[in-house]
Structures are given as structure tokens and as C-alpha cells.
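Student: Only the shape, not the letters, is given here:
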């Protein structure tokens, strides 16, 4: 009888006390960690991430440099690369300047004078200065009279589009992105260069979040 | 006379403890001796060991970084009692580099490629990047960004990359890793 | 003698164990809340009554008193419990939006959205939550689908007010996706507010597929033509008003051990929201009811895990009950009563209650108005009216003329 009672007590504690899962240790937080922007980081989703932006702009930049229609002119063509005509029609919230700034800067550095880039995204800066000089508020610079803003030969256009799929039973989300870039000739509207980048990601939250 | 029967366990435990505490491995002793004799930072060393021919940079070639892509486990059971298991994994890998080469584009930049074949029955994702070197084997530009490549089971795909510089580029070095 | 000593030792051990279990249960029930930021008291909707609170986003009019509290709260976000930070960030973001502190609202809502979008795979915390000792409240708060939708909705309104229609549309698309996992197909992505606002973005961007999307909305909400027709005909929208009314559907841990998440419908006294102009009175359309959205989501996976925990508790309690039932019948029955107490204490150690944390700032019903080439520069009176046509809350808003971006007004009536 006594043994039976002790067994009951022991079993009661066992049911209450033991975990059905693996015993987990009390882990500490994580200090600031420098990560490689070219690899998937600690926080990830199905949207566009840093490694995608770097990979896309690198590929586009190298492809533009290998296109003779753009880089082999007797006079270096003037190119505008900004986000004015680069539309985001996807379901990912993106700052489009991440694409266009990186593409413009990498191209400008790599082109070595084969192309000339115009800062239309900073047009307010040059216009204001030109106005001040005309009004004789400021003097001209050391390079002579302020030059008039130049017209461009080619301008970047593009689009980010996406397609979302959801599996309600498994809670899996999948997103396909299609990112297109085009260099369009001024006036004629001819597409002198274009390229496309596709990526598809799928993920599933842990069961406790579904 | 010590009673061996009752105390055998204690004696064995003490013996193991003495051996563990007192004994240092040969390399640990060697390291301890070296750390006592050398002062200042350690010099950078290049691995030039004939037993490790692939330890350095192999110019104009493709290398596979991840061990998981290089090794493929086999489940070789003994079919008949005199057959032996295949344990040598040196020639076994998940991917095969069928060919690699380079050529100039119309604008003079260097285009490199590597044709890769998936040896497994499962889809694979790999990433590749290229580093370009000049005639003195000095990197003449930053390594390219990692580009992802999808390989269907038993299928082939091509990794291609373009350089930025024209005249300076003389050598290339393609690295392949598993896509995560 | 030896027998008596051993009996005494056993009894002492049992008494000490019993006392330890009882003390532990008592301590846990009386442990003070360890929330460490002060702002939460300002967000408690039982603290004081509020008037119809509305602002034109990105205008100069701000609610400085609320902003001070919210900024203080946001600074303390990093010292708050990690599992509740996304919820606090969402509360602060929505309240900041309603106070017209656009920068704070953007930062706080982006923080919350980052947590919603982050795919959380099984880790230490997730394993602990599913274990018998862990509770659902220990998981990182992401919110139920209706809460996630509202966070994206408000973030989309902010983008729209700043003229970033593309990211505004992306937010509304994401909001629709959050509701795409409902059990019944007819309940998936069925937020009329979201779809209409997405159409507004397409028209502002002059998107080529705007007509197709309009057709899609007509087909999807074919039973509510009278409600949606005026807004579908707004081809040049320049005014958007969104008012949320009532209290958020309260989460309740229901069933025998709180293992099922249910909602209570806190009926709002507001029956209509009107907009009075020089030309007359316009009625805002009631486009969504969060109680309906919350209850039509279907069962969660977590409900199954909690049900397993509840079954385990029932088993342990049954052992205790059986022991207690046998107590009067056997010698040493007091020990059997002790077994019952220990069993119930052990059962209390298993956390099977559903997570009742909620974002309180989101309200229950949504009222939407879209103005087509609306005549601006005139005062507008926004009124919340009850069934008896009494004005419960009102505010007069003056909109400036000549803005290149649409005027976006967001309001809240918590009654």
C-alpha cells in the first residue's frame, strides 16, 4: 500500500515536471554582428534582400559594359540612371534607389570614361546653383562659367513585378520576382539594351505562428 | 593488502584521472614549446606541400568550395560476401565541371564560363563567382557577386560571367559553393 | 523504532514537497507584471475617454501631448520583453499615426512589419513554447491575420500620404496576403478596404491594369454594389478618409483550460460616420468588420498544440481526482488527498492558455471615403453618430488647396 502511494506521488510529479520536448537551455541574446551583405542574413523573408540587390546590379553592370551598342561610340554617350522610371509593381516594399544608386555608381566607376553619367536625381542642386550665378549671388567656379545641364542619350527604365502564391494548408508562402532593366534612347524610344533577373523564394513560418 | 575486488572500480577511476591529467598530446607539447620560443606575430605562410597540390589558387580553373558538394555518400552494402565496400570518396562529388574556358566579347571584356553537370538525382542550387587577375597574377578587380545557378537532376547548366576591365585581365578563377 | 523513524522521514519529505508546490503556485499567481515601459498606461483604453481623433497625415497639425508619451515609449522599446516588442511597436506606430507624428509612425510600424515578414523557423524559443512548461505568450508576437492586415494598412496609408504610391500598393498587397491563409476560400483576402485602397494607388500611379482590377473588385464584391459603386467611380481620387470605430475584438482563452482562442464582439455605439461639407453631407461606407475577419480565419495550428497540452492536464487531474475519490475508503486517506493537491499543482504547471495579447489601437469597424476631384480648401466636419442620430464625436478639418499628393485623413473613435 505504501509503495503504491509513493508511486502515485512520483508519477504525479513526473507528469507535471517533465517536458515532452528536448530540454532547452536558457540562451543569451546576441551582440551586434557584422554580416556579409552578399549572403542571406539572420533576418530573412520572401522579399528582395541585400544579396539579391548586389547580385542583380552586378550582373546588369557587367552586361552593359559588354554591349558594344553603348560602350563603343566615338563620343561617350550620356546616360541617366535613376529611379524615376523604375517602377515597383511588386508586393515587396522596396526603396528603388538601392538598385539604381548601386548600378549607377558601379557603372560609373567601371566605365572608365566610355560612358558619361548625368545626375538627374540631383538636378535641383545644379539648377539652384545656375540660378544663383545668373542672379550674381555667387561667382563662377574655378573651372569657368557654370555649364548648362546636359541632355541625355540613354535613360534607364524598368520594373519590379511579383507573383505571390500561398498554400493555406501548409502555411507556405512563395514569391516570384521579375526585375527588368532597359536603356532607352532619347527621342526615338529605341531600347538599346535590356536584361531581366528572376528570383523565386518560398518559406514557411514555424507551426506556432501559423 | 588492499582488497582488489571491492576497490577495483576506484583504482581504475583514479588511474584514468592520472593518465588524463598528466598526459599531453605530442602536438600540444610542440605548440607549447613553440609559443614559448617565438615572439611577435606569426608570419603568413603559403602552403607548398606536394601532398596538398590543390591548396593554392588554380588559375584559369573552377574550384568547388563546399565539402558537401565534393563528397557524396554511398550506401554500398555487401551484395556477396567476398565484395568490399567502396570507401574511397576522392572521385565522388555531387557536381562535375564538364568544361571551362574564356573568350573576349566584342567590347573587349573577358567572358568566362563553366559548364556544370548535376551528378545526383536531386535538384541542386549552387552559387558561383569569379575573380580576375592581371598578368602578374594580381587581382585587377573586385570578385564578382555570387550568382545562383539551378541544376535539375542529372542535368547541365552554365555559369557565365563577364569582366569589367579589358586589357588588364589575363587570368580568371571561378569558385563554386552550395547555394543556401 | 527504525520503522517509526523512516515513516517520520517520509512524511516530512512529503510535507516539504507539498509546501514547495503550493508556494510556487501562489508566487506565480501573484507575480507583478514586469513590463518596464511607462507608455503602456497611456495606451490602456480604460484610462480615459477620447474624442473623434483625426488628422491629415503629413500636415502641420499634430497632437503634441500624445507624441511626447509615444516618443518616450519608443525609446524604451528596446528594454521591453522581446516577445512583445513587435506588439508595442505596432501600438506606438498606430497611435503616432493618429497623432500625425509621421516619422515615429514609420519607424515603429516598420519595426513591427519586419517581425511579421521575418520567417521564424524552429528555434530555442519555439521549442519552449510547444513544450509543457512553455506558454504561447512566450512566442514573439506577430499578431493574428486581422492584426497584421491593419499594421500593413496603416503603413500603406503613410506611404500614400507621402506620395509613394508604389510602396503603398505593395503594403496593401501584403495586407491582402496576410489574410490568404483562412480556412474557407470565401474568407481569404476579403478585405474590401484593402482592395479599394489598392485601386486608389493604381489610379494615382496611372497603372495600365487599373481597369482590370476594378472589374475584379466588382466581381468579388458583387453583393455590395451599392456600397462600392461610388468609390469605384473615383477615377481621380484626391481625398481618402479612413476612420476606425469601436474597440478591437477582445481575445479570450476559452474552453476548459483556455486552449481555444475566441473573440468577443464589443459592439460599437457608432452607427454612422458622416462628412459634412459646403455641398452637403456624405456618409462614409462601412467597409470592414474586424470581428468578422477575426472569427472567419479558421483554426490555428497552435490550437492543436494547446489542445494536446490541455488533454495532458486533464489526465493528470483525473489521477488526482481518482486518488481523492479513494481517500475516504482507505487507511492513510490524507496522503491520497495530498496526491490530489500535488496533481492539480502539477497540472497548473502545464501552460495551455491561448495567447490573448492584442493590438488595442486598431478598433473594430472601418469606414472609408474616397473623394473624386474633391473640392479642397473648405472646412470638413467629420462626425460619428449613434443609432439615435446623436453625434458622439466630431471634428472640423481644414484641408489646404493645391497639394500634388492626395489628402489622407485617418481617424479613430474608440467607442
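Tutor: The structure has been received and is ready for your questions. Here the structure is a predicted model, which means the values were calculated and not measured.
Student: Tell me the pLDDT of the residue in chain C that chain B sits nearest to.
Tutor: Here chain C gets closest to chain B at one residue, residue C:121, 13.1 Å apart by CB to the nearest CB. No exception for glycine: its C-beta is placed from N, CA and C like everyone else's. pLDDT recorded at residue C:121 is 71.
Student: Three-state assignment for it, please.
Tutor: The three-state assignment at residue C:121 reads coil, by DSSP: H, G, I helix; E, B strand; the rest coil.
Student: That one reaches residue A:209, doesn't it?
Tutor: No - look at residue C:121 against residue A:209 with CB atoms under 8 Å: they stay out of range, at 10.0 Å.
Student: Was I right to think residue A:159 contacts residue A:85?
Tutor: No - counting by CB under 8 Å, residue A:85 is not a contact partner of residue A:159; they are 9.3 Å apart.
Student: Let me see the ranges of the strands in the chain.
Tutor: By default, I'm working from chain A. Assigned by DSSP state E, the strands in chain A fall at A:78-80, A:86-88, A:116-118, A:154-167, A:172-185, A:191-204.
Student: Hmm, no, I was thinking of chain C.
Tutor: Counting by DSSP E, residue ranges of the strands within chain C are C:53-56, C:237-245, C:250-254, C:260-264, C:270-277, C:280-283, C:285-289, C:365-372, C:379-386, C:391-398, C:407-413.
Student: Those strands: which one's closest to chain A?
Tutor: strand C:260-264 (12.5 Å).
Student: Just want the angle from the closest one to strand C:250-254.
Tutor: 140 degrees (axes from the mean of the first three to the mean of the last three CA atoms, to 10 degrees).
Student: Strand C:260-264: how far from the chain's middle?
Tutor: 13 Å (CA atoms, centre = their mean, to the nearest Å).
Student: what's the model's confidence in that strand, averaged?
Tutor: 88.
Student: What residues does the spatially most central residue of chain A make contact with?
Tutor: Among the residues of chain A, the one closest to the centroid is residue A:53, at 3.8 Å (CA atoms, centre = their mean). By CB atoms under 8 Å, 6 or more residues apart in numbering or on different chains, the contact list for residue A:53 reads A:98-99, A:102.
Student: I'd say residue C:139 and residue C:127 touch.
Tutor: No - counting by CB under 8 Å, residue C:139 does not reach residue C:127; the two are 10.9 Å apart.
Student: what about those two, which has more around it?
Tutor: Neighbours per residue, other CB atoms under 10 Å in any protein chain shown: of residue C:139 and residue C:127, the larger number sits with residue C:139, 21 against 17.
Student: And for residue A:89, nearest residue in space, chain neighbours not counted?
Tutor: Nearest residue to residue A:89, sequence neighbours excluded (CB to CB, 6 or more residues apart in numbering or on different chains): residue A:161, at 4.9 Å.
Student: who does the one you found bridge with?
Tutor: Beta-bridge pairing for residue A:161 (DSSP bridges): residue A:178.
Student: count of residues packed around it?
Tutor: With other CB under 10 Å as criterion, residue A:161 counts 14.
Student: now do residue C:97
Tutor: Neighbour tally, residue C:97, other CB under 10 Å: 25.
Student: go on, residue C:295?
Tutor: 15.
Student: before we move on, what about the one 10 residues further on?
Tutor: Applying other CB under 10 Å, we find 19 other residues in the vicinity of residue C:305.
Student: repeat for the one 4 residues further on
Tutor: Burial of residue C:309, expressed as a neighbour count using other CB under 10 Å, amounts to 22.
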